[in-house]
Structures are given as structure tokens and as C-alpha cells.
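K.L.:
Provided below for reference: sequence and predicted model.
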Amino acid sequence: MMTVHNDQGQVPALKEWASAVEALRLGKQILIMRKGGIREETKDFQVESDSFYLYPTYEHQRKELVKPEFADQVEASVAAWRADAEEVSVSVYAELTEDILLSSQEELDKLRELHMWTDRFAEERLKWKKTKPLHVMLLRVYELETPVSLPILAEYNGCKSWIGLPADKLDGIPRKPVLSDEAFGAAANKVKAALV
């Protein structure tokens, strides 16, 4: 699998809560939800790449926004993070297998058992920018054989979804799927069946 580079020698990365990245890495879920960050250039969320690294973020995650069984994961990632950190560890790569657009609470409720977030938080994501659909991204996730520490650059900060990471630091690192083909297919079918 080769990741597409841009003309600045960067590979795409999607910013996501560190605890959600960990849930994906552990195979506990295969989806994330997106409406976009406050500073999106397009004013709403757009899929910029079908394959990307997941860049863990720490500032907005809170244990009261996730189901009780995920609270320890949030606490652990928050406790491990230092506000003055100069590097971040990237260990997860993903391929987008489907981008499902939801526009109703009824549809969102059908996915309740398939993600880590509370009903209230999922509903807030749906209602924010309510004229825009909620993107439910089904991801085939891969773990890097060796996590890569990257310096935290100013352009990575802020409420935006997509950033570019240095290709020369990430290219060539072996990665393995966190779920088998069969397990991923079953999980993806479960999401699609729930929405029927």
C-alpha cells in the first residue's frame, strides 16, 4: 500500500481524538463521525483522501462524552499527554471503505451500539451545522509496526480535520490490518445492516 504524496512531500492525516484512534487500533470500532472543524477551509467537512494516517489529538476528549466502557481509555490518553509536548506518536493508518451520510436522528440512533460516543455527544455532532450531513466514515485500519514520533508543528494545531505529515518519516514502515478480512467485513456489514 502506497500513500499518495502531495507536491510538498506530505501524506494526508486526519485528526481524531487519541482515545478514538486507540479504539480503532484495538478493533473495538471501525467508524468515526465527522462534521468538520471550526476552521475548515471549505466551511464543512470534505473527504480529502481515501487513505490517510490518523493524527491523535487530546484537547477536546472528555470521559463524560463516551460510554462508560471507554472512559478509562479517555482518562489514560489524557493522563499520558503533556500540554508542553513537542512530539506526537503516529501509529495508525486507515483506508476509507465507505462514507455514509446521515441527516436524521433516527439513522444515527441505529448506530448507537457501534461506536464509543454517548447518545448526547453523537446527537450534538449531528445537529452542529444542521444543514450539512454527518459523515460516518467506515475505516479499514492498519497498525504501524513501529510508531513514528513527529514534531508538533504550528500548522497541525487548531480546529481543522486534515493536515499533511512528512512522507519521508512515514513511507516504508510496515503496517498490518487490525482486523482480518472476515472480521472487518462482518463489522462493516453490521453497520450497513443497522441502517436498513
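P.N.:
Looks like it arrived, so ask away.
K.L.:
strand partners (parallel or antiparallel) of the longest strand that the chain contains?
P.N.:
Using DSSP state E to define each element, the chain has its longest strand at strand 134-151. Strand 134-151 sits in its sheet next to strand 31-34 (antiparallel), strand 87-102 (antiparallel), strand 175-177 (antiparallel), going by DSSP bridges.
K.L.:
so how far is the following helix or strand past it from its chain's centroid?
P.N.:
For strand 134-151, the following helix or strand on the C-terminal side (DSSP states H and E) is strand 162-166. Relative to the centre of its chain, strand 162-166 is centred 14 Å away, using Cα atoms, centre = their mean, to the nearest Å.
K.L.:
any idea how many residues pack against the closest residue in space to residue 90 that isn't next to it in sequence?
P.N.:
Leaving aside its chain neighbours, residue 90 sits nearest to residue 148 (5.0 Å; criterion: Cβ to Cβ, 6 or more residues apart in numbering). No exception for glycine: its C-beta is placed from N, CA and C like everyone else's. Around residue 148 there are 16 other residues, counting by other Cβ atoms under 10 Å.
K.L.:
wait, doesn't residue 148 sit right on residue 170?
P.N.:
Yes - Residue 148 is in contact with residue 170 according to Cβ atoms under 8 Å; the separation is 5.8 Å.
K.L.:
intersection of neighbour lists for these two?
P.N.:
residue 90 (Cβ atoms under 8 Å, 6 or more residues apart in numbering).
K.L.:
how much space is there between residue 190 and residue 108?
P.N.:
16 Å (Cβ to Cβ, to the nearest Å).
K.L.:
which one of the two has more residues nearby?
P.N.:
Between residue 190 and residue 108, counted using other Cβ under 10 Å, residue 108 has the larger neighbour count: 21 against 13.
K.L.:
quick check: which element contains the more buried one?
P.N.:
Using DSSP H and E, residue 108 falls within helix 105-109.
K.L.:
so which elements touch that helix?
P.N.:
Secondary-structure packing of helix 105-109 (3 or more Cβ pairs under 8 Å, 6 or more residues apart in numbering; DSSP states H and E): helix 119-127.
K.L.:
please redo it, this time with the cut-off set to 6 Å
P.N.:
Contacts defined by 3 or more Cβ pairs under 6 Å, 6 or more residues apart in numbering; DSSP states H and E place helix 105-109 against no helix or strand at all.
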